[in-house]
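>>> here is my input, please return the structure:
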Amino acid sequence: MIEKILNRKKEFEEKLNKKQKKLYTAFKFFLKLTILSIPLYIFLNLDLQFLWLRKLNASIVGEILVLLGIEAETYLNWVTTESLTLDVSRDSTAWKSMLAVMALVLATEKPFDYRLKGVVIGVLSVFIVNLLRISSMVFLVEVFQIGYEFIHTFLWRWGLTFYILIFWVTWLKYGEKVSKNK
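Residues are numbered from 1 along each chain as shown. Purely as a prediction, here's the structure:
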């Protein structure tokens, strides 16, 4: 049965012209991306708080701030400085951004081992960029007295989104070339 379906799919794909093949490839990508977004909605509906990740983020951010010369204390998922008390909330952990990177990478038609490397590097880099995001927000509030909401909304909420897209496009365009040169 499966073999018959695969043969019909192959016959269908062979009949497509160049433009139709591009559209079909895009359709498959968006279908995979939609399916891979299901965990996001499951996690949202379960209202998971990811307390372990919140605590981890807060403690690392606290250490980064101390290295930057800012007195900071952490308790559970809270970071406190002289003029700011920050709750590293569930959304502040960038878990949705990590899922987005995973979905974007896995939805491509690259070889599985290459996609797996992309997921690992992508999730790790989003984690690191998010730590820098939180640390820089607190740093800018403490040192330059810039409004937290401005920094958070305009610079970093959109900044993390752009980072994900830049990572993904770079991974698509240059990643295989770098892997083959090693």
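
>>> and the strands in this structure, which stretches?
For the chain, applying DSSP state E gives strands covering 73-75, 78-80, 85-87.

>>> which elements pack onto the last one?
Yep, that's strand 85-87 we're talking about. Judged by 3 or more CB pairs under 8 Å, 6 or more residues apart in numbering; DSSP states H and E, the packing partners of strand 85-87 are strand 78-80, helix 112-144. C-beta coordinates here come from the backbone N, C-alpha and C atoms, glycine included.

>>> rerun at 7 Å
On a contact count with 3 or more CB pairs under 7 Å, 6 or more residues apart in numbering; DSSP states H and E, strand 85-87 meets strand 78-80.

>>> what about the helices in this structure?
Assigned by DSSP state H, the chain shows helices spanning 2-14, 18-36, 38-46, 51-67, 95-106, 112-144, 148-150, 158-170, 176-181.

>>> what packs against the longest one?
Translated: helix 112-144. The contact analysis (3+ CB pairs under 7 Å, 6+ apart) places helix 112-144 against helix 51-67, helix 95-106, helix 158-170.

>>> so which of the helices of the chain is the most surrounded?
helix 95-106 (a mean of 21; mean count of other CB atoms under 10 Å).

>>> what's that one in contact with?
Contact partners of helix 95-106, identified using CB atoms under 7 Å, 6 or more residues apart in numbering, comprise 33, 36-37, 39-40, 50, 53, 115, 118-119, 122-123, 126-127, 160, 164, 167-168, 171.
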